Each structure stands twice: as C-alpha cells, then as structure tokens.
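K.L.:
fold the stuff below for me.
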Amino acid sequence: MPAKPVQAPVHGGRAKGTKHLVLDELSGRVVDRLDAASAAFLNASGLAKASPMGMGLYRIEPVGKVGSVRTATMQLDVRPKDRLGLSRLLFLLSYAGNQGFLPDSVAAAEDCELWSALAESLAQLAERALGRGVLQGYRTVDESLRTVKGRIRISDQISRRPGMLVPLEVSYDGFTEDIAENRILRAALEHMGQVPRVRPEVLSRLRQLKGKLDAVTRLPAGAPLPPWTPNRMNVRYHSVLRLAGLILRNASAEAGHGKQHTASFVVDMAQVFGDFVGAALREAMAAYPGEMRLHYNALLSEAVHDTDRLSVRPDAVHLLGGRPVVVYNAKYKAATDLGASLTADHYQMLAHCTALGVPTAWLIYAGAGEVKLRRILNTDIDIVEFPLDLSLPPADILAAVAELARQSWGELVRTGRPGD
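P.N.:
Model prediction:
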C-alpha cells in the first residue's frame with residue numbers, strides 16, 4: 001500500500017495542522033518535510049529512517065518494525081502487513097508472556113489510531129480495576145524500630161549497631177497499598193499522561209486515576225517492572241496490568257520544561273510473531289507425550305576448533321525421550337513478501353532437519369493459504385508450510401495452532417517415530 005502524508009484534523013488526540021504519515025511495514029519510502037528535531041527523534045526511535053534530502057525534505061522509510069511515534073509537529077504510524085488490527089497486535093504481544101490475555105482488553109475500535117486506543121483502553125481498564133478501591137496486599141518491610149515487630153535481622157543488627165540494643169533492625173509484613181500491582185499501574189498511568197495530544201477528557205481520567213495511587217511508590221524511569229503473581233485476590237487487576245506491562249515495555253514518553261513532547265511505541269513484528277508461535281505451540285503440544293524446547297541449539301558441522309563449528313537454532317523442537325523428533329520455525333515475513341521465493345527458508349529448514357536427524361520440519365508463516373507438503377529430493381525429509389492467518393479472531397488463531405500441533409503429532413505417529 002503506498003504511503004500517503006495526511007494532514008490530521010482534530011481527531012483521536014491529534015492537533016489540527018499536525019502532520020500525520022502512515023506507512024505499511026512492507027511499503028516503500030515517502031518523501032516529506034520534517035523539522036530537524038522530529039527527524040532526529042524518528043531515527044532514534046528505531047521505527048523508521050529519516051534521511052535528509054535538502055530544503056527541509058526527508059526520505060522516510062520503514063526499517064522492519066511497527067508502531068507509532070509522535071512529536072509536537074508530526075506523527076508517523078507504521079502498520080503491520082495485511083492491516084493487522086490493534087487488538088490482534090496486543091493479543092500477540094501479550095500471549096507469549098502471559099497466556100490468557102483477553103482480546104476485549106483493548107476497548108477502542110480497530111480503526112482508531114494507536115495512541116487513542118491505548119489511552120482509552122488503559123483508562124477503561126483502570127476504572128474497572130479501581131472501581132472497588134485500591135488493591136491492598138502484604139509487603140515485606142525492613143525498618144529500624146525501638147520495639148520488636150516481626151523478626152529481628154540479627155546479621156544487620158550486629159553489622160550496623162554492634163553492642164547496641166536499640167534501635168532494632170526488623171522485618172515484618174505490612175498490609176499496604178504500596179504493592180507491585182499498584183506501582184505498575186501508577187507507572188503506566190503516568191506514562192500515558194505524558195503522551196502528546198491525548199484527548200483532554202481521557203487525559204483528565206488518567207490523572208484522576210493516578211491520583212488514587214499517590215500513596216504508592218513511583219517507579220524510577222527505566223527501572224525493571226516489579227514481579228507480580230496473578231491470583232484470586234488481584235483478579236480485578238489482571239487485564240489492566242497486562243496492558244500496563246505492554247505499555248511500559250514497548251512505549252516511551254517524555255514531557256517537561258525545555259523538552260520536546262515526544263512518545264513512541266515500537267515493536268519488532270518478526271520477534272512478536274516468533275514469540276507468540278513458540279508460546280502457543282508449546283502450550284498446544286503439552287497435550288502430547290514429550291517435551292518442547294524453544295530456541296534449541298544444535299551443531300551442524302564438526303571442526304577441530306570450537307570457533308569453526310557451524311550451529312543451528314530452530315525456533316522450537318519437540319523431543320521424545322530427550323531426542324529431537326520434529327522441528328518448527330516461525331517466519332513472519334516469508335520471502336514471498338518481497339516478491340522472491342521461499343527457497344532460503346527451505347534451505348534453513350533442511351539444515352535444521354540434517355543437524356537434528358529429524359524427518360519433518362514445519363515452516364509456520366504469517367498469512368492465509370493452504371498447508372503444503374514439500375518432499376525434498378534425494379532425502380527422507382519433508383518440509384510442511386503451515387499458514388497462520390493473523391486476521392482471524394484470537395480464539396481462531398489459537399485453534400489453528402492447536403491444529404498444527406495435532407497434525408505434527410499425527411505425522412510422528414504415522415511415521416512410527418513415537419514408538420522408536
């Protein structure tokens with residue numbers, strides 16, 4: 001789809017007169033006028049490359065990632081191939097790290113731009129989570145007190161206060177709002193509140209929600225997210241925490257005095273697709289004997305020196321009795337996306353089968369189509385091309401992965417490998 005520069009009206013949080021460019025991740029470049037600060041931010045974001053051409057014009061081209069960057073003067077969206085909707089994108093992103101992500105966690109319409117959808121969805125889910133008050137839980141607290149509370153930390157008492165009886169170094173479990181779940185939620189609300197040109201009514205809701213968490217410790221910028229465990233006590237937080245985690249891991253926003261207001265949400269779709277297929281396939285293959293390992297390392301060649309050895313690393317391998325029996329690779333951008341053949345992908349799968357000594361490889365690619373079996377001449381190796389249509393509803397995508405597991409296990413049974 002050719003890229004088109006669009007002058008943005010007052011819609012979805014974009015200011016009138018703001019330049020809005022939309023590219024498909026596989027589309028060609030577009031030439032448009034940018035200010036130097038926006039061009040520099042665009043290059044730093046990793047979403048696209050802006051090359052100066054003189055006279056204030058820049059050649060803007062995607063670099064293999066998707067998402068959106070926004071400054072005070074422009075917004076660039078790079079959309080996934082096949083116009084993959086926002087809810088599908090967030091479903092794929094979430095599933096690898098947290099199975100069971102609900103597709104309705106994204107409340108905005110599919111055709112709504114990314115920042116509006118993220119802000120509106122976060123506000124709605126946070127309102128639902130905080131509707132019955134701020135979640136409280138137990139957190140271990142280390143303090144110096146003049147009375148015993150909890151347990152005394154003997155080693156700290158000796159090292160910090162030798163020969164002193166008070167104050168005491170103690171640890172105890174306190175029932176508080178200052179827990180990991182609330183810290184993550186507060187950080188996400190603050191993050192989205194800094195995105196330029198979020199609609200005023202949504203921004204007001206985000207600020208009101210953040211105000212309910214003012215007693216919660218603020219996470220430092222760039223700090224790792226504190227771990228949290230889903231349970232029945234925090235079940236009302238599950239959806240908003242999954243969306244908050246996505247925002248904090250994949251988005252950046254900056255605002256303040258003397259700074260240009262900027263925001264970016266950038267993901268690598270090849271990695272997203274590979275991670276999703278690995279997680280979903282491992283869950284589906286759990287119904288069958290054996291063990292699935294992701295990113296499996298194997299040697300392809302022998303060599304006198306270790307540095308001369310050739311190795312392969314397929315996305316997933318299923319093992320029976322510790323021995324590989326089938327191999328899988330996920331390809332988001334099959335070579336045909338660029339008008340070429342799939343030969344390079346087949347060469348890679350052939351190398352995987354050879355290194356692992358397995359007869360069948362499954363090449364899983366993003367797109368619609370039919371399952372194809374390719375028997376490699378002068379070998380006993382089969383390569384099966386299995387399409388995974390990401391335009392389907394999430395439940396149907398997972399059903400397709402379950403079908404892939406069923407067919408790959410059925411092929412093992414047919415060839416007699418499980419009984420070896």
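
K.L.:
please identify which helix or strand holds the most centrally placed residue in the chain.
P.N.:
Per Cα atoms, centre = their mean, the C-alpha nearest to the average position across the chain is that of L93, at 3.6 Å. In the assignment (DSSP states H and E), L93 maps to helix 86-97.

K.L.:
for that helix, what is the average pLDDT?
P.N.:
Helix 86-97 shows a mean pLDDT of 77 in the predicted model.

K.L.:
list the buried ones in the helix or strand just after it?
P.N.:
Proceeding C-terminally, helix 86-97 gives way to helix 114-130 as the next helix or strand, assigned by DSSP H and E. Neighbour counts using 16 or more other Cβ atoms under 10 Å place 114-126, 129-130 of helix 114-130 among the buried residues. The way it works is simple: take the backbone N, C-alpha and C, and place the C-beta from them, glycine included.

K.L.:
and the residues you listed, which is closest to R205?
P.N.:
Using Cβ to Cβ, A123 is the member of the buried residues of helix 114-130 that lies nearest R205, at 4.5 Å.

K.L.:
next, give phi and psi for the nearest residue to the closest one once chain neighbours are set aside.
P.N.:
For A123, ignoring the flanking residues on the chain, the nearest one in space by Cβ to Cβ, 6 or more residues apart in numbering is R205 at 4.5 Å. Listed backbone geometry of R205 is phi -60, psi -40, with angles given as degrees, to the nearest 10.

K.L.:
confirm Q271 sits in a helix?
P.N.:
Yes: assessed with DSSP: H, G, I helix; E, B strand; the rest coil, Q271 lies in a helix.

K.L.:
number of nearby residues for it?
P.N.:
14 (other Cβ atoms under 10 Å).

K.L.:
doesn't I184 fall inside a helix?
P.N.:
Yes: in this structure, I184 lies within a helix as judged by three-state DSSP.

K.L.:
contact partners for it?
P.N.:
L219, L225, P226, W228, L241, A244, G245, L248 (Cβ atoms under 8 Å, 6 or more residues apart in numbering).

K.L.:
and the helices in the stretch 201-350 of the chain?
P.N.:
Under the criterion DSSP state H, counting those that start in this stretch, helices of the stretch 201-350 of the chain are mapped to 238-250, 269-285, 343-356.

K.L.:
can I get these in a markdown table with mean pLDDT and distance to L299?
P.N.:
Converted to a markdown table, the helices of the stretch 201-350 of the chain look like this (pLDDT from 0 to 100; distance: least, Cβ to Cβ, whole Å):
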| stretch | mean pLDDT | distance to L299 |
| --- | --- | --- |
| helix 238-250 | 88 | 34 |
| helix 269-285 | 92 | 22 |
| helix 343-356 | 88 | 6 |
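
K.L.:
out of these, flag the one nearest R161.
P.N.:
Comparison of the helices of the stretch 201-350 of the chain against R161 by Cβ to Cβ identifies helix 238-250 as nearest, at 38.7 Å.

K.L.:
I'd say Y237 and L185 touch.
P.N.:
Yes: with contacts counted by Cβ atoms under 8 Å, Y237 reaches L185, the gap being 7.2 Å.

K.L.:
tell me which of the two has more neighbours.
P.N.:
Neighbour totals were compared for Y237 and L185, and L185 leads with 27 against 22 (other Cβ under 10 Å).

K.L.:
which parts of stretch 189-208 are buried?
P.N.:
189-199, 202-203, 205-206.

K.L.:
quick one: end-to-end length of that stretch, please.
P.N.:
10 Å (Cα to Cα, to the nearest Å).

K.L.:
top helix in the chain by residue count?
P.N.:
Counting residues, the longest helix in the chain under DSSP state H turns out to be helix 394-415.

K.L.:
tell me which other helices or strands that helix touches.
P.N.:
Helix 394-415 makes packing contacts with helix 86-97, helix 269-285, strand 323-331, strand 360-366, strand 382-388 when contacts are defined by 3 or more Cβ pairs under 8 Å, 6 or more residues apart in numbering; DSSP states H and E.

K.L.:
compute the inter-axis angle for that helix and strand 323-331.
P.N.:
For the pair helix 394-415 and strand 323-331, the angle between their directions (axes from the mean of the first three to the mean of the last three Cα atoms, to 10 degrees) equals 140 degrees.

K.L.:
okay, buried residues for helix 394-415 please.
P.N.:
Residues of helix 394-415 classed as buried: 394, 397-398, 400-402, 404-405, 408-409, 411-412, 415 (neighbour count, 16+ other Cβ under 10 Å).

K.L.:
I'd like to know which of those is nearest to F386.
P.N.:
The nearest one, if we look at the buried residues of helix 394-415 relative to F386 and count by Cβ to Cβ, is L404, at 5.4 Å.

K.L.:
wait, what's in contact with the closest one?
P.N.:
For L404, counting by Cβ under 8 Å, 6+ apart, the contacting residues are L281, A284, W362, I364, F386, L388.

K.L.:
ok, the fourth one touching K331?
P.N.:
By that I understand I364. Yes: proximity of I364 to K331 meets the contact threshold set by Cβ under 8 Å, at 7.0 Å.
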